[in-house]
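Undergrad: structure, please.
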Amino acid sequence: QVRLVESGGGLVQAGGSLRLSCEASGGTFPSYAVAWFRQAPGKEREFVATISRNYGATHYADSVKGRFTISRDVAKNTVYLQMDSLKPEDTAVYYCAGDTGQYRYLSTLSNDYPYWGQGTQVTVSS
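TA: Modelled structure (predicted):
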């Protein structure tokens, strides 16, 4: 059974940085795809970034491209989301999600990720 636990959220001023962590247990970590999604109050959950299994290819939403970086530390079973140049519109609950399937690649669809963490709040003040 795959379990994902996020950490690293908090309150930061606009222009600041945060690094979110998603620690995984269960399964074979390098063989998961892992993605970050976020959900702001009153809005639908939206894709942020994903990293592929094994070779670590990445894909980002246009709204975060150039500001956010997703990476994986296999030794620590952890995926990170480095968030720089934060904006008030980045305020949301951030979720990491995992997919152990072998047939999807860099998916941006939440339904393609069966495993989810509990979420961590990120608040960016103006």
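Undergrad: ok, Arg45 - contacts?
TA: Phe37, Arg38, Gln39, Tyr95, Ser110 (C-beta atoms under 8 Å, 6 or more residues apart in numbering). All C-beta spots, glycine's among them, are computed from the backbone N, C-alpha and C.
Undergrad: may I ask which two of these are separated the most?
TA: Arg38 and Ser110 (10.8 Å; C-beta to C-beta).
Undergrad: of the two, which one has the most company?
TA: Set side by side, Arg38 and Ser110 show more neighbours around Arg38, with 23 against 16, by other C-beta atoms under 10 Å.
Undergrad: list the contacts of the more buried one.
TA: For Arg38, the contacting residues are Arg45, Glu46, Val48, Asp90, Ala92, Val93, Tyr94, Tyr95, Val122, by C-beta under 8 Å, 6+ apart.
Undergrad: could you give the number of residues near Ser21?
TA: 17.
Undergrad: Phe47 too?
TA: Around Phe47 there are 20 other residues, counting by other C-beta under 10 Å.
Undergrad: show me where pLDDT drops low in this structure?
TA: Of all residues in the chain, none has pLDDT under 70.
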